[in-house]
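>>> 3D model of this:
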Amino acid sequence: MRTDSSPGNLPAREHLPAGSAGTPVLDVVIPVYNEEKDLQPCVMRLHEHLKRTFPYEFRITVADNASTDTTPQVAARLDAEIPEVRSFRLEQKGRGRALRTVWSASDAPILAYMDVDLSTDLNALLPLVAPLISGHSDLAIGSRLARSSRVVRGAKREFISRTYNLILRGSLQARFTDAQCGFKAIRRDVAQVLLPLVEDTGWFFDTEMLVLAERAGLRIHEVPVDWVDDPDSTVHIVKTATDDLKGVWRVGRALATGSLPLDRLARPFGDDPRDRELTDVPKGLARQLVGFCVVGALSTLFYLLLYSGFRTFSGSQVANALALLVSAVANTAANRRLTFGVRGRGGAVRHQAQGLVVFGIGLALTSGSLAALNAATTNPGHSTELAVLIAANLAATVLRFLLFRAWVFPDRRDEPASPVGAVRNPASPTYSTAAPQQYPGQPPYPGQQQYQGHQQYEQFRTEQFHTDQFRAGEAADRTYGDATMQLEAVRPYDDDPNPRNAR
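Next up is the predicted model:
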């Protein structure tokens, strides 16, 4: 997604190293609320599966959402008995709040979550995270609606799930097939930049995260899963559906107004250095052509309707000028937003002024065509006028696209970006710049030529995860002590103590 602001700060995806002993590559979060009966069997089964099939170090984190039964005691006992299990207690409910809190504090480069009922077949876990480890994708989701998925559930939940995904496709232009399957994973470097933009703390968290990631151009990998419905699920369908629809409206409005800085999530095109050395290659030309043709076809129909209406009380030249003026303003606005991806109000007046210049060229072509027709025929028919105008508009359309691309909405992605890290202030919708935050003993970034502080840094991250220095409620509700969150890019090698991997 291109905007008029600076390029994103995510580096190109790279294959994650195997990591040193004791450093988990994967952190699987299990959010729970009053799951004293299912928690222990779930963790034991997941732990046994990962021990048997997963080739990297891993961690299982139980995120307790303010349970009122004995769930915290069960989680603490598992934490004490199994080295790969950690427990985390939140004093507020909300699956999205739990995921944001634990993922934000985790040091694992791959972050995942699954529901405690283990409705999804665990054989899909390794295919889920493999594209993230290899650097192929940014997020991965399990899909119950893929053709090769096998699903056992009632007709009511099947209807609700498919209807919800149709709503997402129709309102938010979502292309992923299953937003609410409790089986997802994300790269940590992506999560650190994406999660601060996600507002929901409940069940809509998944959908909002996926929609923003897709709109930002991140790659989402889908894995067909086998899934068996849990008849004892505690999810309140009506309340969840209502909250989801409210979330769809909020996110759709934010995307329409361009208030989200999604360009900060942009990645370089490809991981091959040869791709970055190419010059004078049009970027996004195919997508822009498709968008421009769609907008142009709709604008032509709109223009012809206006012309036919104005022609009933005015001459052909006046009707043509009025119809072309109104349709040109609408065409410029639609191409600005849909074809060339320019968000926000910045430069809108200038773009419309330049669009009027393009309109003047189109007016000259179409008016000249009408003048030539009137000179050749004393009383041309209405259908003949429309045919001449269509031909003239086709010629003007080609010229309009070239002028839009090269002059009105030029590609600004190649402009030099500021080297200062981006910082979000939760107390204000505006964004500022600040120097990257340094933790005690953290190696310098970029470069990472010194690793003597690695052990101190890892100790600090562990303490941060297990003490009250990272307050769950504050992280989820964005009331941070310093009122800022660092959005700097994190590369997979940040925590690798091997000097050969230093960059």
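
>>> helices or strands next to the helix or strand where residue 375 lies in the packing?
In this structure, residue 375 sits in helix 348-376 according to DSSP states H and E. Secondary-structure packing of helix 348-376 (3 or more CB pairs under 8 Å, 6 or more residues apart in numbering; DSSP states H and E): helix 316-334, helix 382-403. Bear in mind the C-beta positions are built from the backbone N, C-alpha and C, glycine included.

>>> Run through who's touching the shortest one.
Defining contact as CB atoms under 8 Å, 6 or more residues apart in numbering, one finds that helix 316-334 is touched by 295-296, 298-299, 302-304, 306-307, 309-311, 314, 351-352, 355-356, 358-359, 362-363, 366-367, 370, 374, 385, 389, 400, 408.

>>> residues of stretch 249-260 that come out buried?
Across stretch 249-260, burial judged by 16 or more other CB atoms under 10 Å covers 251, 254, 255, 258, 260.

>>> What does the first one show for phi and psi?
According to degrees, to the nearest 10, the main-chain angles of residue 251 amount to phi -70, psi -40.

>>> hang on, the earlier thing: would you turn the buried residues of stretch 249-260 into CSV with secondary structure, distance to residue 157 and pLDDT?
Formatted as CSV, these follow (DSSP: H, G, I helix; E, B strand; the rest coil; distance: CB to CB, whole Å; pLDDT from 0 to 100):
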residue, secondary structure, distance to residue 157, pLDDT
251, helix, 23, 91
254, helix, 29, 87
255, helix, 28, 86
258, coil, 36, 79
260, coil, 31, 83
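
>>> any chance of those residues in a markdown table, plus distance to residue 331?
Formatted as a markdown table, the buried residues of stretch 249-260 follow (distance: CB to CB, whole Å):
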| residue | distance to residue 331 |
| --- | --- |
| 251 | 27 |
| 254 | 25 |
| 255 | 21 |
| 258 | 19 |
| 260 | 25 |
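
>>> hmm, which two among these are most spread apart?
251 and 258 (12.8 Å; CB to CB).

>>> and residue 155, how many neighbours?
When neighbours are counted by other CB atoms under 10 Å, residue 155 registers 7.

>>> quick one: pLDDT of it?
At residue 155, the model reports a pLDDT of 82.

>>> try residue 291
So residue 291 comes in at 82 (pLDDT).

>>> How about the contacts made by it?
By CB under 8 Å, 6+ apart, the neighbours of residue 291 are 335, 338, 339, 340.

>>> ditto for residue 410
Contacts of residue 410 (CB under 8 Å, 6+ apart): none.

>>> Confirm it sits in a helix?
No: assignment of residue 410 by DSSP: H, G, I helix; E, B strand; the rest coil gives coil, placing it outside any helix.

>>> Might you list the low-confidence residue ranges for the stretch 401-503 of the chain?
411-503 (pLDDT under 70).

>>> Just the buried ones from the contacts of residue 291, in ChimeraX syntax?
Restricted to buried positions by 16+ other CB under 10 Å, the ChimeraX selection for these reads:
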select :335,339,340
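
>>> can you tell me the average pLDDT over stretch 72-91?
For stretch 72-91, mean pLDDT rounds to 94.

>>> for it, the distance to its chain's centre please.
With CA atoms, centre = their mean, to the nearest Å as the basis, stretch 72-91 stands 32 Å off its chain's centre.

>>> cool, stretch 328-340 as well?
The answer for stretch 328-340 is 23 Å, by CA atoms, centre = their mean.

>>> Pull out the CA atoms of that stretch and give them to me as PDB.
Extracted in PDB, the C-alpha atoms of stretch 328-340 (Å, rounded to 0.1, in the frame of the first residue of the first chain):
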ATOM      1  CA  ALA A 328     -13.600  14.300 -13.500                       C
ATOM      2  CA  VAL A 329     -13.700  15.300  -9.800                       C
ATOM      3  CA  ALA A 330     -15.200  11.900  -8.900                       C
ATOM      4  CA  ASN A 331     -12.700  10.100 -11.100                       C
ATOM      5  CA  THR A 332      -9.700  11.900  -9.500                       C
ATOM      6  CA  ALA A 333     -10.900  11.100  -6.000                       C
ATOM      7  CA  ALA A 334     -11.500   7.500  -6.800                       C
ATOM      8  CA  ASN A 335      -8.200   7.000  -8.500                       C
ATOM      9  CA  ARG A 336      -6.400   8.800  -5.700                       C
ATOM     10  CA  ARG A 337      -7.800   6.400  -3.100                       C
ATOM     11  CA  LEU A 338      -8.300   3.100  -5.000                       C
ATOM     12  CA  THR A 339      -5.800   3.000  -7.900                       C
ATOM     13  CA  PHE A 340      -2.700   4.800  -6.500                       C
END
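
>>> Strands of the chain, start to end?
For the chain, applying DSSP state E gives strands covering 26-32, 58-65, 85-90, 110-114, 139-143, 150-152, 183-187, 220-224, 226-228, 422-424, 431-433, 485-486.

>>> so can I have CSV of those strands showing distance to residue 266?
Shown next, in CSV, are the strands of the chain (distance: least, CB to CB, whole Å):
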stretch, distance to residue 266
strand 26-32, 26
strand 58-65, 30
strand 85-90, 32
strand 110-114, 21
strand 139-143, 15
strand 150-152, 35
strand 183-187, 15
strand 220-224, 15
strand 226-228, 33
strand 422-424, 12
strand 431-433, 15
strand 485-486, 18
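
>>> Residue 39: which of the ones you listed is closest?
Counting by CB to CB, residue 39 lies closest to strand 26-32 out of those; the figure is 5.8 Å.

>>> where are the low-confidence patches of this protein?
For the chain (pLDDT under 70), the answer is 1-9, 18-22, 231-237, 268-284, 411-503.

>>> Which residue in it shows the largest distance from the geometric centre?
In terms of distance from the mean C-alpha position of the chain, residue 378 ranks first, at 58.7 Å (CA atoms, centre = their mean).

>>> Could you check how far the residue nearest to residue 112 when sequence neighbours are not counted is from residue 210?
Closest residue in space to residue 112, ignoring its immediate chain neighbours: residue 185 at 3.8 Å, by CB to CB, 6 or more residues apart in numbering. Per CB to CB, to the nearest Å, residue 185 is found 12 Å from residue 210.

>>> Which neighbours do the two have in common?
With CB under 8 Å, 6+ apart, residue 185 and residue 210 have common neighbours 139, 141.

>>> All the helices of the stretch 51-200 of the chain, residue numbers only.
Secondary structure of the stretch 51-200 of the chain, counting by DSSP state H, counting those that start in this stretch: helices at 71-81, 95-105, 125-134, 155-172, 188-194.

>>> For the longest one, give me every contacting residue.
It refers to helix 155-172. Under CB under 8 Å, 6+ apart, the answer for helix 155-172 is 144-145, 151, 174-175, 177-180, 207, 211, 229, 237, 241, 244-245, 248, 251-252, 255.

>>> Only alpha carbons, please: show it as PDB.
Taking Å, rounded to 0.1, in the frame of the first residue of the first chain, the C-alpha atoms of helix 155-172 are listed here in PDB:
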ATOM      1  CA  ALA A 155     -25.000 -26.100  10.900                       C
ATOM      2  CA  LYS A 156     -25.500 -23.000  13.100                       C
ATOM      3  CA  ARG A 157     -21.800 -22.300  13.700                       C
ATOM      4  CA  GLU A 158     -21.000 -23.200  10.100                       C
ATOM      5  CA  PHE A 159     -23.600 -20.600   8.800                       C
ATOM      6  CA  ILE A 160     -22.300 -17.900  11.200                       C
ATOM      7  CA  SER A 161     -18.600 -18.500  10.300                       C
ATOM      8  CA  ARG A 162     -19.300 -18.400   6.500                       C
ATOM      9  CA  THR A 163     -21.500 -15.400   6.800                       C
ATOM     10  CA  TYR A 164     -19.000 -13.500   8.900                       C
ATOM     11  CA  ASN A 165     -16.200 -14.200   6.300                       C
ATOM     12  CA  LEU A 166     -18.500 -13.000   3.500                       C
ATOM     13  CA  ILE A 167     -19.100  -9.800   5.400                       C
ATOM     14  CA  LEU A 168     -15.300  -9.300   5.700                       C
ATOM     15  CA  ARG A 169     -14.900  -9.900   2.000                       C
ATOM     16  CA  GLY A 170     -17.700  -7.500   1.000                       C
ATOM     17  CA  SER A 171     -16.900  -4.700   3.500                       C
ATOM     18  CA  LEU A 172     -13.200  -4.800   4.100                       C
END
